[in-house]
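>>> need a 3D model of the sequence below.
(2 chains)
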Amino acid sequence: MTERGQMMDDAWYMDYAAGSLDSVGEEVLIASHLELSGTASERVAELERIGAALLMVAGDETELNFSADDIFDMDAPASAPTPLAANDIDSEIILPEALKSFLTGIERDVKWEFLGPGLQKAMLWDGPEQEKLWLLKAKPGVAIPHHGHNGSELTLVLKGSFHDGEQQYCRGDVEEAGPDTEHDIRIDDGEECICLALTRGKLRYDSPLLKLFQVFTGL
Amino acid sequence: MASTVNFPGTALSAAVLSDLLEQVGQERDRDAFRQIFQHFAPRIRTFLVQRRLSGAQADDLTQDVMLTIWRRAESYDRSKASPSTWIYTIARNQHIDYFRKTARAQQLDENDPHFHLNDDPAPDALVSRAEDVSTVIEALSTLPDDQRLVVDLAFKEGRSHRDIADQLDLPLGTVKSRIRLAMDKLRVCIGEQE
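Down below sits the predicted model:
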């Protein structure tokens, strides 16, 4: 059974194992989670055996119009790996490889911006359906105002920890929120917290002041 | 993986395939690679066609996957994964990369009759195949139809759980709980191996 706070819903692990996730944003977030959570990556490894078994029973009668020798001909010396773009995000947290290589590949200038008191954001990627992949940095002890979602949200902790109500989330844990979830988030004391978040649709605040504030944050 | 049962015809057991991959990785053994190619390349192509690639696209990508196997065989670790799982994940990942790059350029025709699921061989026809594969296929055959369908749509057609909910016109929660039930059952059946 899925334990909220550390593991994600099996639907995500199945999509990952099957290679059927909807977006790059989901792939980066879940691949990062799997690097940080041994339990989750073991679960996915089991599911990958399903894909492997179905590959093995797939038909092998196809006549190919190329051979192994064509592969040897294609084999040119591999190009040198691209060095990671130096940026301030990299130096602050130990980034999962999946996120690192994603950041290397994007052309966007990743930088921290003001989000609210004690809160900063860095936008990484925009997808269809108002999907956004971004980093959240919060000072210790900061409370994020009570809010809901019009879409869904996945939040992977990269550094530090936070509480949502009674549940604690630490490095490697993912919090899943749907349209029905209401959050009451408080960053734990002692260390700043950095999370990788994937949101679909806009956040929904109860307070009219925050609704106004939302215009500036772009979330 | 201690299975020494040979596949029928040109097919090879998981143990033999592991040996071959190690020969490629350590010695750049071309003959060993030719055997791996013969075994996997047609299957990878079939897998990619199931994922709605055209014949020409599937040819290109199959070559890329085989090239990756040739180059990266050194990193294969038999204590971590069976050869088929290792190769499956390479094919899956390269398909994703390819798909992401081309997705914007083309719209897939969801109603194309070529994109139907094909029937698996019956489990008893698989007895002579590698242990791991038959265990998984047998486990799949024990799933109720509604759970089997979501697994097939994900692994064969490459559909996400959101996509499946849309396609079957079911609430997302219903699809998620079917997946959870299916995964729990499969975990019990296949989790004890290796």
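>>> and the spatially most central residue of chain A, what does it touch?
By Cα atoms, centre = their mean, chain A has its centre lying nearest to residue A:29, at 1.9 Å. Residue A:29 is in contact with A:133, A:154, A:156, A:174, A:196, A:198, counting by Cβ atoms under 8 Å, 6 or more residues apart in numbering or on different chains. For every residue, glycine as well, the C-beta is placed using N, CA and C.
>>> also residue A:94?
Contacts of residue A:94 by Cβ under 8 Å, 6+ apart are A:158-159.
>>> measure it to chain B for me?
22 Å (Cβ to the nearest Cβ, to the nearest Å).
>>> pLDDT value on the residue nearest to the centre of chain A, please?
Per-residue pLDDT puts residue A:29 at 96.
>>> check which helix or strand it maps to.
helix A:24-36 (DSSP states H and E).
>>> centre of the chain versus that helix, how much separation?
Counting by Cα atoms, centre = their mean, to the nearest Å, helix A:24-36 is centred 5 Å from the centre of its parent chain.
>>> hey, where'd the helices end up in the chain?
Looking at chain A here, since you left the chain open. For chain A, the helices defined by DSSP state H occupy A:10-18, A:24-36, A:38-56, A:68-74, A:88-92, A:97-105, A:208-217.
>>> that's the wrong chain, I wanted chain B
B:14-27, B:30-50, B:55-72, B:83-103, B:131-141, B:145-155, B:161-168, B:172-190.
>>> how about low-confidence regions in the chain?
With no chain named, the answer covers chain A. A:1-5, A:76-93, A:145-150, A:202-219 (pLDDT under 70).
>>> meant chain B actually
Checking chain B against pLDDT under 70 turns up B:1-11, B:103-131, B:191-194.
>>> ok so, going back, could you tell me which of the contacts of residue A:29 belong to strands?
A:133, A:154, A:156, A:174, A:196, A:198 (DSSP state E).
>>> show me what contacts the fifth one?
Yep, that's residue A:196 we're talking about. By Cβ under 8 Å, 6+ apart, the neighbours of residue A:196 are A:28-29, A:32, A:99, A:133-135, A:155-156, A:158.
>>> how near is the most far-flung residue of chain A relative to its centre to residue A:173?
Relative to the centre of chain A, and counting by Cα atoms, centre = their mean, the farthest-placed residue is residue A:63 at 40.3 Å. Distance, residue A:63 to residue A:173, using Cβ to Cβ, to the nearest Å: 49 Å.
>>> same deal with residue B:69?
34 Å.
>>> could you do residue B:144 as well?
32 Å.
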